[in-house]
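>>> quick one: sequence and predicted model below, then my questions.
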Amino acid sequence: MKPEKDRAKLFNRRAAFLIGGKLALLSGLAGRMYYLQVVESERYKLMAEDNRVNFRLLPPLRGFIVDRSGDYLAINIKNYQIILVPEQANNESTVNDVLSKLIQLIDLEDHEIRRILKEISRRRAFVPVTVRQNLSWEDVSRLVVNTPDLPGVHVEVGQTRHYPYAETMAHVLGYVGAVTEKELTGDPLLELPGFKIGKRGIEKVQDLALRGTGGNSKVEVNALGRVIKELERVEGLPGHELKLTLLMRLQDYVGQRVENEKAAAVVVMDAHNGDVLSLVSTPSFDPNAFSEGLKTDEWNDLINNPYKPLTNKAIAGQYAPGSTFKIVVALAALKHGISPDYKVFCPGHMDVGDRRFHCWKKHGHGLVNLTDAMRGSCDVWFYDVARKIGVDNIAEMAFKLGFGERSGLGLDGERKGLVPTKSWKKRALKQSWHLGETLIAGIGQGYVLATPMQLAVMTARVVNGGKAVAPRLTRQMFDAESLTGVEADVSFENLDIPEAHLKIIRDSMDEVVNHPEGTARGSKITIAGREMGGKTGTSQVRRISEAEREAGIRKGEDIEWRLRDHALFVGYAPVDNPRFVVSVIVEHGGGGSKAAAPIARDVLLKAQELMAESEAEAQAAAEIKEI
Amino acid sequence: MASEIGKKELTLTQKFWQLNWGLILIISLVASVGFAMLYSAAEGSWDPWASRQAVRFGMGFFLMVVIAVIDIKFWMRLSYILYGIGFLLLVAVEVFGQVGMGAQRWIDLKVIVLQPSEIMKIALVLALARYFHGIPIEDIGRIRTLIIPLLLVFLPIGLILKQPDLGTSLMLVAGSGVIFFLAGVRIWKFALVIVGVLASLPVAWNYLHPYQQNRVLTFLDPERDPLGAGYHIMQSKIAMGAGGMFGKGFMQGSQSQLKFLPEKQTDFIFTMLAEEIGLVGGLGLMGLYALLMIYGTFIAVRCRNHFGRLTALGVTTTFSLYAFINIAMVMGVIPVVGVPLPMVSYGGTAMLTVMIGFGLLMNCYVHRDMRIPRNWREM
């Protein structure tokens, strides 16, 4: 029995040792637990909170754009889209079943179904997949009726930018589109899926003001990223409503007026404060197609169209200004001591060295002074004067009147045009200047290039008493920090052109239209107090050869469209108290007096009528407010 | 009275009254903690875990009582047979076992899915206890005496390692080591083996599967792979730490409820408890475990037959190992090994093993005064 007792004793000793060891181990683990849960607790609490809470951005509503009378030009409309939550579909049915039922209700093409299936396979099952955007109301109602049979299918309401005036406003407003890699600035809003920013026009230039500030939603998420519940919500600020100086009624009218021209541009502005009242470039495009998502063939049609619908010709079209440039040359001549009574005999041409420079009027104007030359648009008088004062003095005046630089209108894609000088030619072409080029510049041909916007600015500066007016599309200035709109001030510096000179030019422009021998005599406004003055221009697209000149082929109708002359006209009204200026270009329209002046007349007349109407309305509204 | 019990066989009713009710109470308490946590893990629902776990516990409880009242000699006789069956099943797993979780561990008997390595945890204890019961204390010192038990240990472990299941293998080694120790094997022999094992570690490293190597490396530096294997340890530590002293409240653990915690109903249930009930809850459960360990030791010491002693402490140790490994793992003290928290983690097999173990422990208590001679078979 003794060995058995020894064995028990040994066992008991060792069992005691073992339980001691076990309890020591447990105490060690308890100590570790204390360290984790008490000593290090704060650190882990933070980490747990980081795990749990996620911030979701809420996209702000994009600011509306209105015209000067409050007419809506760009708004946000509801956009119905179908989304499919694969997890919900799989709970009661299968994704494939649901999709095949959907196909019976709405048209889904094979490639769309492939895209949907691909997205489903890539994402987690609770992440909704967009099946189709921009649903028609019929589609929506058909779906809603059938939702019980379509587990996981939901109709969601989103916001899409909409432009009620579509084509008419496309070049001014531009459009919005998805953010590209290059456009990321660090603003987290831009990284939101489906977020759109301005791509062109006002939408692009004023994007920050229109965009607004994103809101925040603090949500609790699980390890898979699924949102469990919303903890806190801070609403964002919608974008600012942007008021344009444009008068939509006028814009609409101008748009219709040039509808039948293949390619044309019209700018109407207030000569005193620079408000752009209308800015039209035709042909145009539908910006709504862009915000809904343009199809490839639609895009290809747009970029391959020879009339360039995507170009805003009013600011990005550069044309030789032709005879409209004679306003600049005449002012330069007056400044450099040429008397308004300085007379030149025009036999229909002028010979300089061995080159002959033709006047547009084959048999000449006879003896003409400044006013005669303006009225009849005599090229020879301007050849002579240009030669006398030199190209650099012409350029100086051109720069003063706004040529050769961007107008500061505040639209993207604006071009500078070109004012040639001797040093410019040396620098750019590495050639010295020829006298003949001065003569050509004197009638607005050759190297000179201007945009319709610049022509309107020139006219405005001439008729407003020599103020350096600059065009603007909005009176609101948004400073980058607070993004609050501030009314811009409208004092412009004086260009230091004697009023006497300006009056001579204005009077000659009056005669262009209202004198029986004026080039635009056919486009008179006969309503008293609304008369128009102006200057025609015909811009040669290619040199006319001597042979053609002999054969008498000069008329636009005889030659191919793209080789015809551009028709230009700049005008102002009313003649007695100039306020509105217009510039019109009809690409390859032929002569300025025939193709451009009638448009300018109609537009200026309408501008006066509609502005009077609009201002009367505004005053009436203000009076009601006061009462 | 004690001597009387030792002399004659007890009736079934007497045995029933001899059951250790204190032990049963503690076991039930631990199991109830498990139900509560499984209820919370299912976001406040008895389905799918808590209800099934309760049914399993009920079955295990019945089994425990049945095992406890059967004559201890029956278990002695059965021990080698059980070991043999367990070993054959391990071979069967090797030949046509199911592959699950990257390892062959289960055998599908159509009725139940069997995990032979679990059977082995009990069978090996019984077999070793029976073997050492028959060895006189003088013979323990002989190397020759240790050859058979060493074979008993390492044959199944070889097969389990091949599955591969490092966690179970280590548990079997540790559990058997404890029985060797209790049987009286000299300390220096253990020291020798430990030194030998440490020396061969670099070689063994190359035999580990990449995923096992990965687990060890990740354990050494959890941030090495924060999205992979280290993720579990990191999230588990975050959950516990965030729980603090009193926890975030029952069913309020953000880590657990929001699924940051992996396997929260099985291997990481202790983390969930620590997050929701805090240090207080964790220490409470550890205290219950400590009570079970102390109870097991008392029963073993109180037992008058060597088989009973060894079996009682053997199964208690097996149970303790589950607890130690699981708790140490979720705290990031040891690498992640798939060992459940006994009686609390969701899962049938471990529950069954532990309940059978407690059945045997209670059997030892019921038969504590029965003296069984070394050469009992010859009687």
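Thanks, I have the structure now.
>>> drop to CA atoms for contacts and neighbour counts, all remaining ones
Will do.
>>> pLDDT on stretch A:297-316, on average?
Averaging pLDDT along stretch A:297-316 gives 90.
>>> got it, and stretch B:346-363?
Here stretch B:346-363 scores 89 as its mean pLDDT.
>>> any residue of it touching chain A?
No - if you take C-alpha under 8 Å from any C-alpha of the partner chain as the test, stretch B:346-363 misses chain A, and the best it gets is 14.8 Å.
>>> list the buried residues of that stretch.
The neighbour-count check on stretch B:346-363 (16 or more other C-alpha atoms under 10 Å in any protein chain shown) flags B:346-363 as buried.
>>> for that stretch, which outside residues touch it?
Contact partners of stretch B:346-363, identified using C-alpha atoms under 8 Å, 6 or more residues apart in numbering or on different chains, comprise B:19-20, B:34, B:38, B:49-50, B:53, B:56-57, B:60-61, B:63-72, B:114-115, B:118-119, B:121-122, B:265-266, B:296, B:299, B:311-313, B:315-316, B:319, B:340, B:342-343.
>>> what's the answer for stretch A:583-592, then?
A:261-268, A:452-453, A:455-456, A:536-538, A:555-557, A:561-571, A:595-597, A:599-600.
>>> got a quick ChimeraX command for the buried subset of the residues you listed?
Buried members of the contacts of stretch A:583-592 can be picked out in ChimeraX with the line below, counting by 16+ other C-alpha under 10 Å:
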select /A:261,263,264,265,266,267,268,452,453,455,456,536,537,538,556,564,565,566,567,568,569,570,571,595,596,597,599,600
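>>> so of the contacts of stretch A:583-592, which ones are in helices?
Mapping those onto helices (DSSP state H) picks out A:P452, A:M453, A:L455, A:A456, A:A597, A:I599, A:A600.
>>> the first one touches A:N312, doesn't it?
Spelled out, it's A:P452. No - checked against C-alpha atoms under 8 Å, the pair A:P452 and A:N312 is beyond contact range at 10.3 Å.
>>> pull the longest helix from chain A.
Criterion DSSP H: the longest helix present in chain A is helix A:2-34.
>>> tell me the buried residues in the helix or strand just after that helix?
Note on helix A:2-34: by DSSP states H and E, the next helix or strand toward the C-terminus is helix A:41-52. By neighbour count on 16+ other C-alpha under 10 Å, the buried set for helix A:41-52 is A:S41, A:E42, A:Y44, A:K45, A:M47, A:A48, A:N51, A:R52.
>>> neighbouring strands of the helix or strand harbouring A:L57 in the sheet, and parallel or not?
Using DSSP H and E, A:L57 maps to strand A:53-58. Strand A:53-58 has the following sheet partners, assigned by DSSP bridges: strand A:215-221 (antiparallel).
>>> what's the average pLDDT for the helix or strand following the strand it pairs with?
Later in the chain than strand A:215-221, the nearest helix or strand by DSSP H and E is strand A:227-234. The average pLDDT for strand A:227-234 rounds to 78.
>>> would you map the helices across the stretch 51-200 of chain B?
For the stretch 51-200 of chain B, the helices defined by DSSP state H, counting those that start in this stretch occupy B:72-96, B:116-133, B:143-162, B:166-183, B:187-207.
>>> quick one, which of these gets closest to chain A.
helix B:166-183 (5.5 Å; C-alpha to the nearest C-alpha).
>>> quick one, that closest one and helix A:2-34 angle?
Here the directions of helix B:166-183 and helix A:2-34 differ by 140 degrees (axes from the mean of the first three to the mean of the last three C-alpha atoms, to 10 degrees).
>>> so what's the gap between helix B:166-183 and the chain middle?
Relative to its chain's centre, helix B:166-183 lies at 11 Å (C-alpha atoms, centre = their mean, to the nearest Å).
>>> what distance do you get for the residue nearest to B:D47 when sequence neighbours are not counted to A:K45?
Closest residue in space to B:D47, ignoring its immediate chain neighbours: B:Y39 at 7.6 Å, by C-alpha to C-alpha, 6 or more residues apart in numbering or on different chains. From B:Y39 over to A:K45 the distance is 24 Å, taken as C-alpha to C-alpha, to the nearest Å.
>>> count the neighbours of residue 116 for me.
This is for chain A. 18 (other C-alpha atoms under 10 Å in any protein chain shown).
>>> actually chain B
23.
>>> mind listing what whichever residue of the stretch 201-350 of chain A sits closest to chain B touches?
Here the stretch 201-350 of chain A gets closest to chain B at one residue, A:N222, 4.2 Å apart by C-alpha to the nearest C-alpha. Applying C-alpha under 8 Å, 6+ apart to A:N222 gives the contacts A:N51, A:R52, A:I228, B:Q257, B:L258, B:K259, B:F260.
>>> restricted to buried residues, select those residues in ChimeraX.
Filtering these down to the buried ones (16+ other C-alpha under 10 Å) takes a single ChimeraX command:
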select /A:51,52 /B:257,258,259,260
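>>> at the contact with chain B, which residues of chain A appear?
Within chain A, the positions near chain B by C-alpha under 8 Å from any C-alpha are A:3-4, A:6-8, A:10-12, A:14-16, A:19, A:22-23, A:25-26, A:29-30, A:32-34, A:36-38, A:40-48, A:51-52, A:221-224.
>>> can you select the buried ones among the residues you listed for me in ChimeraX?
Applying 16+ other C-alpha under 10 Å to the residues of chain A next to chain B, the buried members can be selected in ChimeraX as follows:
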select /A:4,7,8,10,11,12,14,15,16,19,22,23,26,29,30,32,33,34,36,37,38,40,41,42,44,45,47,48,51,52,221,222,223
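>>> Provide the contact partners of stretch A:232-249 at residue level.
A:58-71, A:209-219, A:275-279, A:472-476, A:484, A:610-611.
>>> now do the end-to-end distance for that stretch.
Distance between the boundary residues of stretch A:232-249 (C-alpha to C-alpha) amounts to 46 Å.
>>> show me the one of the helices of the stretch 51-200 of chain B that comes nearest A:Y165.
Of all the helices of the stretch 51-200 of chain B, the one in closest proximity to A:Y165, counting by C-alpha to C-alpha, is helix B:166-183 (74.1 Å).
>>> distance of A:R530 from A:D602?
A:R530 is 11 Å from A:D602, by C-alpha to C-alpha.
>>> higher neighbour count, the two?
Ranked by neighbour count (other C-alpha under 10 Å), A:R530 and A:D602 place A:R530 first, with 20 against 16.
>>> okay, the spatially closest residue to that one that is not a sequence neighbour: pLDDT?
Counting by C-alpha to C-alpha, 6+ apart, A:R530 lies nearest to A:P574, which is 4.6 Å off, once chain neighbours are set aside. The score at A:P574 is 94. That number is its pLDDT.
>>> does A:P574 touch A:E531 like I think?
Yes - counting by C-alpha under 8 Å, A:E531 is a contact partner of A:P574 at 5.1 Å.
>>> which parts of the stretch 201-350 of chain B sit against chain A?
Proximity of the stretch 201-350 of chain B to chain A is confined to B:237-245, B:254-255, B:257-260, B:278-279, B:282-283, B:286, B:290, B:293-294, B:297, B:301, B:306, B:313, B:320, B:324, B:327-328, B:331 under the rule C-alpha under 8 Å from any C-alpha.
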